[in-house]
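Visitor: okay, predicted coordinates and the sequence, questions at the end:
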Amino acid sequence: MRLAATLCTIVWMTGSSHAQTPVPGSAGKPSRAEQAAILASVTEYAASYTRNLPNFTVTQIIERLTLPISGTRRASQPLLIEEQLSIVDLRETHKIVKLNGKAVTDMDEAALGQFSRGEFGNLLAAIFSIAANTNFEWDRIANLNGRPMHVFNFRVPAATGYELQARGRTIRVSYRGQVWADMQTSAVMRVQLSCVDIPGNSEYKALDLTVDYKATQVAGKSYILPSQNRMRIRTALDSTTQDSDYKFYRRFGAEATLVFEDSGDSAGGDEAGPPPTPIGDNAK
């Protein structure tokens with residue numbers, strides 16, 4: 001499974017049939033044994049998520065702004081990109097349908113620079129897979145959208161880390177962050193991560209990602225699906241902000257057809273891999 005620095009997004013299943021997370025003791029902070037049980041429940045949720053995804057289509061609205069680090073280069077024009085993103089049999093396809101409000105056909109996305117790819121289902125597997133060798137540490141109980149969450153700090157080593165791609169060169173770096181899991185259902189409702197220990201000779205200097213999820217109806221069933229994706233990338237020359245919102249989830253119809261390219265992007269799988277990758281010529 002591939003997780004890389006193409007800008008990122010992810011999908012996870014609802015915890016409706018999942019065992020409830022153990023409730024911490026009266027002191028609020030779980031004991032070590034309770035922390036281990038909570039983490040095991042969240043890990044089980046992440047491992048089973050992609051197997052339960054329906055075939056669906058969603059509209060992805062992307063707002064991107066790239067600013068120069070120094071005053072010697074002009075800022076690029078903001079971009080508003082509308083994509084049709086489809087997941088069919090755990091495979092992911094993207095089609096740009098509008099650019100700055102105008103309909104487009106056969107748009108070459110490579111001409112628009114960095115994109116989020118390989119994210120639906122890959123990120124949780126990359127973090128929680130045994131092969132990833134992730135270090136977890138319970139941090140605190142916090143509220144998110146009115147619900148109590150267990151917040152875990154994590155760090156993934158470079159050997160199974162985040163892929164940064166630019167100019168045909170790929171490197172893997174360690175990343176760390178936090179996972180917010182619903183106290184009652186173990187559903188992952190937020191992932192935050194930052195790449196660390198990026199080599200000094202890399203075009204990339206920093207990458208931060210936050211993905212938020214919410215319960216969403218698809219064909220009459222409730223799933224926990226991405227609602228927002230916020231990525232910040234800084235290179236030696238530019239600073240890029242890319243905000244994505246996911247709207248109008250609907251089941252992929254049997255009458256529709258897709259032609260898959262051999263991109264390797266998949267929403268499923270339990271093996272470890274690096275998370276989503278910024279790919280594109282903007283990282284230079």
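Guide: Alright, I've got the coordinates. Fair warning: this is a prediction, and the values are worked out from it, not measured in the lab. Numbering: from 1, shown residues only.
Visitor: what's the neighbour count on residue 210?
Guide: Using other C-beta atoms under 10 Å, residue 210 has 18 other residues around it. Bear in mind the C-beta positions are built from the backbone N, C-alpha and C, glycine included.
Visitor: I misspoke; the intended subject was residue 95.
Guide: Neighbours of residue 95 using other C-beta under 10 Å come to 16.
Visitor: state the distance from it to residue 183.
Guide: Between residue 95 and residue 183 the computed distance is 38 Å (C-beta to C-beta, to the nearest Å).
Visitor: how about residue 177?
Guide: Distance from residue 177 to residue 183, by C-beta to C-beta: 19 Å.
Visitor: and residue 204, by the same measure?
Guide: Applying C-beta to C-beta to residue 204 and residue 183 gives a distance of 35 Å.
Visitor: give me the residue ranges of the chain where confidence is low.
Guide: Within the chain, the stretches with pLDDT under 70 are 1-27, 71-73, 75, 108-121, 253-284.
Visitor: going along the chain, name the strands of the stretch 101-250 of the chain.
Guide: With DSSP state E, counting those that start in this stretch as the definition, the stretch 101-250 of the chain shows strands at residue ranges 102-103, 135-144, 147-156, 162-166, 169-173, 175-182, 188-195, 204-218, 221-235, 238-251.
Visitor: roughly how far is the last one from the heart of the chain?
Guide: Averaged C-alpha coordinates place strand 238-251 at 11 Å from its chain's average position (C-alpha atoms, centre = their mean, to the nearest Å).
Visitor: just the buried residues of it, please?
Guide: For strand 238-251, the neighbour count (16 or more other C-beta atoms under 10 Å) marks 238, 239, 240, 242, 244, 246, 249 as buried.
Visitor: I'd like those residues as TSV, with distance to residue 157 appended.
Guide: Listed next are those as TSV, based on distance: C-beta to C-beta, whole Å:
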residue	distance to residue 157
238	28
239	27
240	26
242	26
244	28
246	30
249	34
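Visitor: kindly state the beta-bridge partners for the nearest residue to residue 60 once chain neighbours are set aside.
Guide: Distances taken as C-beta to C-beta, 6 or more residues apart in numbering put residue 83 closest to residue 60, at 4.3 Å, once the chain neighbours are dropped. Beta-bridge partners recorded for residue 83 (DSSP bridges): residue 60, residue 96.
Visitor: contacting residues for residue 83?
Guide: 59, 60, 62, 94, 95, 96, 97 (C-beta atoms under 8 Å, 6 or more residues apart in numbering).
Visitor: most neighbours out of the residues you listed, which is it?
Guide: residue 60 (22 neighbours).
Visitor: what's the most distant pair in the contacts of residue 83?
Guide: Farthest pair in the contacts of residue 83 (C-beta to C-beta) is 62 and 95. Separation: 12.9 Å.
Visitor: can you spell out which helices and strands pack onto the longest helix along the chain?
Guide: In the chain, taking DSSP state H as the definition, the longest helix is helix 32-49. Of the remaining helices and strands, those touching helix 32-49 by 3 or more C-beta pairs under 8 Å, 6 or more residues apart in numbering; DSSP states H and E are helix 122-128, strand 135-144, strand 147-156, strand 175-182, strand 188-195.
Visitor: now it, how far from the chain's geometric center?
Guide: The answer for helix 32-49 is 20 Å, by C-alpha atoms, centre = their mean.
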